[in-house]
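Visitor: Let me see the structure of the following:
(chains A and B)
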Amino acid sequence: MDRAAAGDREAFGALVRASAARLDGAARLILRDPDLARDAVQEALIRAWRDLPTLRDRDRFDAWLHRLLVNAAIDEARRRRRRVVEIDLDSVASPSTADTTSRQADSDALDRVLQLLPPEHRALIVQHYYLGVPLPEAARILGISHDAAKQRLHRAIVALRQKFESQADNASISLEKGNA
Amino acid sequence: MSTADRFDRHLESLLAELTGPQMPAYIDDALATATARPQRGPSILSRFGAGTAGPRYRMALVGLPVVLVLAAAIVGLLVIGNQNPTPSPTPNAPSAGPTETSEASPVPTTKPTPTPAPSLGTCDGYARAADARVVDAVGEQPWETEKVVSPPAFSSLGDGLIAGFAEQLASGPAVVLIDPADGTACRLVDLESAADLWELEWSPLGDALAIAVGKQVLVWSAAGLTQALRLADSGFGVTLAWSPTGEAIAIGSGSPIAVVFADGSRRSVAIQHATSLAWSPDASRFAAIGVDTDDPEDTRRLVVISGDGLVIDPIDERAGLAGWLDGQTILAGSSTDAGALEAFDLGPRTWRTWSPASTEPIGLTSIIGYAPGLTGLAFFANEDINKLAAPMDLIVRDLPSGERHVLATKAYPPSNAFGTGAWSPDGTHIAVSVIGDPTDPRARPGVSIYALAGGDPTFVSPIQVILTEGSWQPVP
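Guide: Here you go, the predicted structure:
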């Protein structure tokens, strides 16, 4: 860490590579576009390299890098917001149930439902459930109150559960049956 | 394992499957691009090691007069560049697109008077339009996960506490007025909009209540409920701040900041996604954390805005705003030392360390709020990173010393999670909204009121108040 902060590019590369798959995954989940995700990761790395010498609590490098990535992804989403078509969640039909008796079907369903959420909501879910960021920290990263974060996460999770339950009802599978 | 836990784990594993563990192919190119750029120099503070105290920081600044003079000159130019030479009653922010506003109703004029009346701070100020039935719902109606309590707010005199409550996310929230002396409550007004209740804010004299709900800002007063502003985009939430004279409300949201004046006129300020607002004690200006509408980088900055909304003074890249220490000094979160507070002096335009970082585990805390006069900071902390809804310790930090006091351990009621809250105006009580643990049928949402002197908190659950017909109305 000290070497990277002192300008050692190889040391910085080693630090980043350890988290690269997670960063890319989080960006793709939030932005739902691999090209935008790449841009967000690129921006996060630029800021990380630039600001690493000023990071005082270096034990928190990973958390800091996650924060830079989420902020970069949200910024990217805001810049591209005009291209985003937001759809009323309730107006979307349940996923096809012909082949939903598999875990792949769950994964596909999640993919579809995530697509319907605004990027800010996806950022909350991704931070909390994918990056393992506690909700208070996720709220701080997004610049919102803890209450607002709870409300948003709650809404998103209720919507996700409803979609899954709808699918499960149709396909005779259920999270209640220990699908996890 | 509960259904909720199973769902959470299922979600975690599915998200991991969606992305996979593979290293992105572009990572080498991205690294090369990033590291081709220069790094910033080390922080001034780092020269003195972690935990640097204020005096050392000030010593470092003494050695940098040239840098500071240059910085002040640059900031001065930026200020001039942001001034609006031709003010109009409701200018739109440049390139901010359609923002607010229409259908504005005047904000009640609330110039300070020795005996404000009528006060909305007590249920006695209301005539009852219909009988209300009081029912203890515990055991009768296990609450559903949709029930939500918004952050509470004390009146300026501390004689009233307001909180929002929604039966279901799909239904309009109700605003409930609570007497903090004994915890009794009456249901004030039902809001028709089935939307998030973001914030409730009393006017300085307690004769009006600003309500941010969905994409609207409403004002409730003796004149009834009026719309002050309609927002184009509420973003992640709406935050409100009355000016100390009660003559204006600053409103932050996904849209540019709006300042709504007592005569109903409005001004749009080219700062969007504002999440923190704080007026200076003399009401001549307010500080905000937000994003310049013209900033392609979307950098969150601390800015100071004149009370008329015409002049924007950009200060620095910051994420958190605590408030005004006095008319010339703003407290904000450190940009490099999480949890520490720094003071910005508007005269010399310099930062100085003001309060050390918290020793709480980062990410496991929920800030309730700063005490009046910024003499303390209340927050909840939870040692268990995996227990979002677990009981939490209620902690108060003295400021600026940072001395830590545990006010309540595994705070009441058990099995509930805590939202944000508010200090009483005299700094003796803290009110906290409580959202229940969805897996615990005994849990219920409400407001807990803690005394700094200790003792059991008063718990008020709006679920106990069920309106049978009509509504409560303020006495004209």
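
Visitor: Dump the helix or strand in which residue B:212 is found to PDB, keeping only the CA atoms.
Guide: Using DSSP states H and E, residue B:212 falls within strand B:208-213. Output of strand B:208-213 as PDB, limited to C-alpha atoms (Å, rounded to 0.1, in the frame of the first residue of the first chain):
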ATOM      1  CA  ALA B 208     -46.000  26.000  10.300                       C
ATOM      2  CA  LEU B 209     -44.700  22.600   9.300                       C
ATOM      3  CA  ALA B 210     -43.000  21.900   6.100                       C
ATOM      4  CA  ILE B 211     -43.600  18.400   4.700                       C
ATOM      5  CA  ALA B 212     -41.500  16.800   2.000                       C
ATOM      6  CA  VAL B 213     -43.600  14.000   0.500                       C
END
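
Visitor: what helices or strands is the helix or strand harbouring residue B:380 leaning on?
Guide: Residue B:380 is part of strand B:376-381, with elements assigned from DSSP H and E. If you count contacts as 3 or more C-beta pairs under 8 Å, 6 or more residues apart in numbering or on different chains; DSSP states H and E, strand B:376-381 packs onto strand B:365-370, strand B:393-398, strand B:416-423. The way it works is simple: take the backbone N, C-alpha and C, and place the C-beta from them, glycine included.

Visitor: 7 Å instead?
Guide: Applying 3 or more C-beta pairs under 7 Å, 6 or more residues apart in numbering or on different chains; DSSP states H and E, we find strand B:376-381 packed against strand B:365-370, strand B:393-398.

Visitor: how about the ones you listed in JSON lines, adding mean neighbour count?
Guide: Output for those, formatted as JSON lines (neighbours: other C-beta atoms under 10 Å in any protein chain shown):
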{"stretch": "strand B:365-370", "mean neighbour count": "22"}
{"stretch": "strand B:393-398", "mean neighbour count": "20"}
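
Visitor: So which of these is nearest chain A?
Guide: Minimum separation from chain A across the helices and strands packed on strand B:376-381 (C-beta to the nearest C-beta) falls at strand B:365-370, 4.6 Å.

Visitor: orientation of the strand holding residue B:380 relative to strand B:393-398 in degrees?
Guide: Following axes from the mean of the first three to the mean of the last three C-alpha atoms, to 10 degrees, one obtains 160 degrees for the angle between strand B:376-381 and strand B:393-398.

Visitor: Parallel or antiparallel, which strands does the strand holding residue B:212 pair with?
Guide: strand B:197-202 (antiparallel), strand B:216-221 (antiparallel) (DSSP bridges).

Visitor: And the helices in chain A, which stretches?
Guide: A:2-5, A:9-31, A:34-51, A:61-79, A:103-116, A:119-125, A:135-142, A:146-171 (DSSP state H).

Visitor: per-residue pLDDT, residue 100?
Guide: Looking at chain A here, since you left the chain open. Here the pLDDT value assigned to residue A:100 is 42.

Visitor: looking at chain B here, not the other one
Guide: At residue B:100, pLDDT is 37.

Visitor: Also residue B:48?
Guide: pLDDT at residue B:48 comes out at 28.

Visitor: same check, this time on residue B:472
Guide: Model confidence at residue B:472, given as pLDDT, is 37.

Visitor: what does residue B:445 give?
Guide: Value listed for residue B:445 in the pLDDT field: 63.

Visitor: relative to helix A:135-142, how tilted is the strand holding residue B:380?
Guide: 120 degrees.

Visitor: ok, of the strands paired with strand B:208-213, where does mean pLDDT dip lowest?
Guide: strand B:197-202 (a mean of 82).

Visitor: The spatially closest residue to residue A:39 that is not a sequence neighbour: how many residues sit nearby?
Guide: Excluding the flanking residues, the one nearest residue A:39 by C-beta to C-beta, 6 or more residues apart in numbering or on different chains is residue A:76, at 5.8 Å. Look at residue A:76: counted by other C-beta atoms under 10 Å in any protein chain shown, it has 24 neighbours.

Visitor: Where does pLDDT dip in the stretch 151-300 of chain B?
Guide: The stretch 151-300 of chain B contains residues with pLDDT under 70 at B:151, B:165-172, B:182-185, B:187, B:192-196, B:234-236, B:296-298.

Visitor: hmm, 90 instead?
Guide: B:151-216, B:219-239, B:253-255, B:262-264, B:272-276, B:290-300 (pLDDT under 90).

Visitor: quick one: the helices in it?
Guide: Here the stretch 151-300 of chain B has no helices by DSSP state H, counting those that start in this stretch.

Visitor: you'd agree residue B:237 is up against residue B:198?
Guide: Yes - if you go by C-beta atoms under 7 Å, residue B:237 and residue B:198 touch, sitting 4.8 Å apart.

Visitor: and the gap between residue A:46 and residue B:199?
Guide: Separation of residue A:46 from residue B:199 (C-beta to C-beta, to the nearest Å): 35 Å.

Visitor: what about residue B:34, which helix or strand?
Guide: helix B:27-35.

Visitor: Tell me what angle that helix forms with helix A:9-31.
Guide: Angle between the axes of helix B:27-35 and helix A:9-31 is 110 degrees (criterion: the same axes, to 10 degrees).
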